[in-house]
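Q: here is my input, please return the structure:
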Amino acid sequence: MTTGVEKQFSDELTSFFVLILLNIAFGALVMAFGLQFIIMSALAVTGGQTSDVLQVIRGAVGVAGVVLGFSWLYSSTKIMRGLKGIRREYRNRAAPVSDETVIGWIVEMMAHYRENRSTIRWMTLICSFGGCIYLALGIVNIVQGISAGASPGGMVMLGLFFFAAGINLTIGIVTLLLSTWFRRYSASWDCRLAEVSQAEDSLRSAMDQR
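A: Numbering: from 1, shown residues only. Prediction:
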(Lines give C-alpha, C1' and ligand atoms only; values in the text may rest on other atoms or scores of the structure.)
Protein backbone atom coordinates (compact mmCIF):
# COMPACT_ATOMS: atom_id res chain seq x y z
CA MET A 1 0.00 0.00 0.00
CA THR A 2 2.85 2.38 0.84
CA THR A 3 4.18 2.37 -2.73
CA GLY A 4 0.79 3.30 -4.21
CA VAL A 5 0.06 6.01 -1.66
CA GLU A 6 3.56 7.45 -1.92
CA LYS A 7 3.42 7.53 -5.72
CA GLN A 8 0.09 9.34 -5.64
CA PHE A 9 1.49 11.86 -3.17
CA SER A 10 4.63 12.32 -5.31
CA ASP A 11 2.53 12.97 -8.43
CA GLU A 12 0.31 15.46 -6.62
CA LEU A 13 3.29 17.22 -5.06
CA THR A 14 5.13 17.51 -8.39
CA SER A 15 2.01 18.79 -10.16
CA PHE A 16 1.42 21.36 -7.44
CA PHE A 17 5.06 22.51 -7.50
CA VAL A 18 5.25 22.88 -11.30
CA LEU A 19 1.92 24.75 -11.36
CA ILE A 20 3.35 27.33 -8.96
CA LEU A 21 6.57 27.59 -10.99
CA LEU A 22 4.58 28.25 -14.17
CA ASN A 23 2.55 30.95 -12.42
CA ILE A 24 5.76 32.58 -11.18
CA ALA A 25 7.00 32.57 -14.79
CA PHE A 26 3.71 34.04 -16.06
CA GLY A 27 3.81 36.73 -13.35
CA ALA A 28 7.36 37.64 -14.37
CA LEU A 29 6.29 37.83 -18.03
CA VAL A 30 3.42 40.18 -17.18
CA MET A 31 5.84 42.40 -15.24
CA ALA A 32 8.28 42.37 -18.17
CA PHE A 33 5.56 43.35 -20.64
CA GLY A 34 4.40 46.08 -18.28
CA LEU A 35 7.91 47.50 -18.00
CA GLN A 36 8.23 47.33 -21.80
CA PHE A 37 5.04 49.37 -22.20
CA ILE A 38 6.28 51.95 -19.68
CA ILE A 39 9.66 52.29 -21.40
CA MET A 40 8.09 52.52 -24.85
CA SER A 41 5.70 55.20 -23.59
CA ALA A 42 8.50 57.20 -21.99
CA LEU A 43 10.67 57.00 -25.12
CA ALA A 44 7.75 58.04 -27.34
CA VAL A 45 6.98 61.04 -25.13
CA THR A 46 10.58 62.23 -25.05
CA GLY A 47 10.85 61.69 -28.80
CA GLY A 48 7.63 63.56 -29.53
CA GLN A 49 6.03 60.56 -31.23
CA THR A 50 2.22 60.10 -31.57
CA SER A 51 -0.28 61.71 -29.23
CA ASP A 52 0.21 62.28 -25.51
CA VAL A 53 -3.13 60.60 -24.76
CA LEU A 54 -2.01 57.39 -26.42
CA GLN A 55 1.22 57.38 -24.44
CA VAL A 56 -0.63 57.98 -21.18
CA ILE A 57 -2.90 55.02 -21.92
CA ARG A 58 0.09 52.88 -22.84
CA GLY A 59 1.90 53.94 -19.68
CA ALA A 60 -1.16 53.22 -17.55
CA VAL A 61 -1.43 49.74 -19.08
CA GLY A 62 2.25 49.21 -18.34
CA VAL A 63 1.88 50.28 -14.71
CA ALA A 64 -1.16 48.01 -14.33
CA GLY A 65 0.85 45.14 -15.80
CA VAL A 66 3.73 45.71 -13.39
CA VAL A 67 1.40 45.88 -10.38
CA LEU A 68 -0.54 42.80 -11.48
CA GLY A 69 2.61 40.83 -12.24
CA PHE A 70 4.23 41.78 -8.93
CA SER A 71 1.12 40.89 -6.91
CA TRP A 72 0.86 37.54 -8.69
CA LEU A 73 4.56 36.85 -8.09
CA TYR A 74 4.07 37.64 -4.41
CA SER A 75 1.05 35.34 -4.12
CA SER A 76 2.81 32.53 -5.99
CA THR A 77 6.01 32.74 -3.96
CA LYS A 78 3.95 32.81 -0.75
CA ILE A 79 2.29 29.51 -1.70
CA MET A 80 5.67 28.18 -2.84
CA ARG A 81 7.19 28.84 0.59
CA GLY A 82 4.47 26.78 2.25
CA LEU A 83 5.00 23.93 -0.20
CA LYS A 84 8.78 23.91 0.12
CA GLY A 85 8.59 22.59 3.68
CA ILE A 86 6.53 19.60 2.56
CA ARG A 87 8.87 18.97 -0.40
CA ARG A 88 11.90 19.16 1.90
CA GLU A 89 10.41 16.56 4.24
CA TYR A 90 9.58 14.29 1.32
CA ARG A 91 12.98 14.63 -0.38
CA ASN A 92 14.82 13.94 2.88
CA ARG A 93 12.71 10.89 3.67
CA ALA A 94 14.39 7.73 4.87
CA ALA A 95 13.16 4.44 3.40
CA PRO A 96 10.98 2.65 4.14
CA VAL A 97 8.23 5.26 4.49
CA SER A 98 5.17 4.20 6.44
CA ASP A 99 1.60 4.82 5.25
CA GLU A 100 1.04 7.04 8.28
CA THR A 101 3.95 9.30 7.30
CA VAL A 102 2.76 9.68 3.70
CA ILE A 103 -0.80 10.32 4.82
CA GLY A 104 0.56 12.95 7.21
CA TRP A 105 2.23 14.71 4.27
CA ILE A 106 -1.01 14.51 2.30
CA VAL A 107 -2.87 16.09 5.21
CA GLU A 108 -0.27 18.90 5.35
CA MET A 109 -0.67 19.54 1.62
CA MET A 110 -4.47 19.49 1.94
CA ALA A 111 -4.28 22.07 4.73
CA HIS A 112 -2.02 24.24 2.57
CA TYR A 113 -4.42 23.81 -0.34
CA ARG A 114 -7.46 24.73 1.77
CA GLU A 115 -5.72 27.86 3.07
CA ASN A 116 -4.93 29.06 -0.46
CA ARG A 117 -7.76 27.42 -2.41
CA SER A 118 -9.10 30.54 -4.17
CA THR A 119 -5.62 31.66 -5.28
CA ILE A 120 -4.76 28.14 -6.47
CA ARG A 121 -7.93 28.02 -8.56
CA TRP A 122 -6.89 31.27 -10.22
CA MET A 123 -3.46 29.73 -10.80
CA THR A 124 -5.07 26.82 -12.64
CA LEU A 125 -7.06 29.20 -14.84
CA ILE A 126 -4.00 31.32 -15.60
CA CYS A 127 -2.04 28.17 -16.40
CA SER A 128 -4.73 27.14 -18.91
CA PHE A 129 -4.87 30.67 -20.36
CA GLY A 130 -1.09 30.79 -20.69
CA GLY A 131 -1.07 27.42 -22.44
CA CYS A 132 -3.63 28.68 -24.97
CA ILE A 133 -1.52 31.78 -25.61
CA TYR A 134 1.58 29.68 -26.28
CA LEU A 135 -0.40 27.46 -28.65
CA ALA A 136 -1.65 30.57 -30.47
CA LEU A 137 1.92 31.91 -30.70
CA GLY A 138 3.05 28.58 -32.13
CA ILE A 139 0.35 28.70 -34.81
CA VAL A 140 1.29 32.31 -35.64
CA ASN A 141 4.94 31.24 -35.95
CA ILE A 142 3.96 28.50 -38.41
CA VAL A 143 1.96 30.95 -40.54
CA GLN A 144 4.84 33.45 -40.46
CA GLY A 145 7.29 30.71 -41.39
CA ILE A 146 5.22 29.63 -44.37
CA SER A 147 4.98 33.25 -45.54
CA ALA A 148 8.72 33.79 -45.07
CA GLY A 149 9.58 30.53 -46.83
CA ALA A 150 7.67 31.62 -49.93
CA SER A 151 9.93 34.64 -50.39
CA PRO A 152 13.34 34.39 -52.11
CA GLY A 153 16.04 33.24 -49.73
CA GLY A 154 13.52 32.71 -46.96
CA MET A 155 14.59 29.20 -45.94
CA VAL A 156 16.61 30.49 -42.98
CA MET A 157 13.64 32.48 -41.69
CA LEU A 158 11.43 29.45 -42.30
CA GLY A 159 13.67 27.35 -40.07
CA LEU A 160 13.75 30.02 -37.35
CA PHE A 161 9.97 30.45 -37.33
CA PHE A 162 9.40 26.70 -37.23
CA PHE A 163 11.94 26.35 -34.40
CA ALA A 164 10.09 29.05 -32.42
CA ALA A 165 6.78 27.33 -33.25
CA GLY A 166 8.10 24.03 -31.89
CA ILE A 167 9.11 25.68 -28.61
CA ASN A 168 5.83 27.57 -28.19
CA LEU A 169 3.66 24.59 -29.11
CA THR A 170 5.58 22.32 -26.73
CA ILE A 171 5.23 24.78 -23.85
CA GLY A 172 1.54 25.26 -24.63
CA ILE A 173 0.74 21.55 -24.76
CA VAL A 174 2.72 20.77 -21.59
CA THR A 175 1.08 23.68 -19.76
CA LEU A 176 -2.43 22.62 -20.76
CA LEU A 177 -1.72 19.00 -19.80
CA LEU A 178 -0.40 20.13 -16.43
CA SER A 179 -3.47 22.26 -15.75
CA THR A 180 -5.67 19.28 -16.66
CA TRP A 181 -3.77 16.98 -14.31
CA PHE A 182 -3.88 19.57 -11.56
CA ARG A 183 -7.65 19.96 -11.94
CA ARG A 184 -7.94 16.22 -11.30
CA TYR A 185 -5.80 16.47 -8.17
CA SER A 186 -7.67 19.58 -7.09
CA ALA A 187 -10.98 17.70 -7.39
CA SER A 188 -9.51 14.93 -5.22
CA TRP A 189 -8.42 17.43 -2.58
CA ASP A 190 -11.86 19.06 -2.61
CA CYS A 191 -13.45 15.63 -2.01
CA ARG A 192 -11.03 14.93 0.82
CA LEU A 193 -11.72 18.30 2.40
CA ALA A 194 -15.46 17.67 2.14
CA GLU A 195 -15.02 14.31 3.88
CA VAL A 196 -12.90 15.92 6.59
CA SER A 197 -15.54 18.62 7.12
CA GLN A 198 -18.26 15.96 7.42
CA ALA A 199 -16.16 14.06 9.95
CA GLU A 200 -15.58 17.27 11.93
CA ASP A 201 -19.32 18.01 11.89
CA SER A 202 -20.12 14.48 13.05
CA LEU A 203 -17.58 14.72 15.85
CA ARG A 204 -18.92 18.12 16.88
CA SER A 205 -22.48 16.77 16.94
CA ALA A 206 -21.39 13.78 19.01
CA MET A 207 -19.63 16.06 21.50
CA ASP A 208 -22.66 18.36 21.76
CA GLN A 209 -24.92 15.42 22.61
CA ARG A 210 -22.88 14.52 25.68
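
Q: and the helix or strand hosting Lys78, which residues are buried?
A: According to DSSP states H and E, Lys78 maps onto helix 52-91. By neighbour count, with 16 or more other Cβ atoms under 10 Å as the criterion, the buried positions of helix 52-91 are 55, 58-59, 62, 65-66, 69, 72-73, 75-76, 79-80, 82-83, 86-87, 90. C-beta: built from backbone N, CA, C; applies to glycine.

Q: strands of this protein, start to end?
A: For the chain, applying DSSP state E gives no strands.

Q: return the helix or strand in this structure with minimum mean pLDDT.
A: Comparing helices and strands within the chain by mean pLDDT, DSSP states H and E singles out helix 155-209 as the least confident, with a mean of 77.

Q: from Ile139, how far off is the closest residue to Leu158 other than its chain neighbours?
A: The shortest distance from Leu158 to any non-neighbouring residue, by Cβ to Cβ, 6 or more residues apart in numbering, is to Gly149 (3.5 Å). Distance of Gly149 to Ile139, computed by Cβ to Cβ, to the nearest Å: 16 Å.

Q: and Phe33, how many neighbours?
A: 15 (other Cβ atoms under 10 Å).

Q: contacting residues for it?
A: Counting by Cβ atoms under 8 Å, 6 or more residues apart in numbering, Phe33 makes contact with 62, 65, 69.

Q: which one of those residues is nearest to Ala187?
A: Sorting the contacts of Phe33 by distance to Ala187 puts Gly69 at the head of the list, at 28.9 Å, by Cβ to Cβ.

Q: ok, now which ones touch that closest one?
A: Counting by Cβ under 8 Å, 6+ apart, the residues that Gly69 touches are 27-34.

Q: list the contacts of the residue sitting nearest the centre point of the chain.
A: By Cα atoms, centre = their mean, the chain has its centre lying nearest to Asn23, at 3.1 Å. Shown here is Asn23, whose contacts under the criterion Cβ under 8 Å, 6+ apart are 72, 76, 123, 126-127.

Q: same deal with Met109?
A: Taking Cβ under 8 Å, 6+ apart as the test, what Met109 contacts is 9, 12-13, 16, 83, 86, 189.

Q: just the closest of those residues to Phe161, please.
A: Phe16 (34.9 Å).
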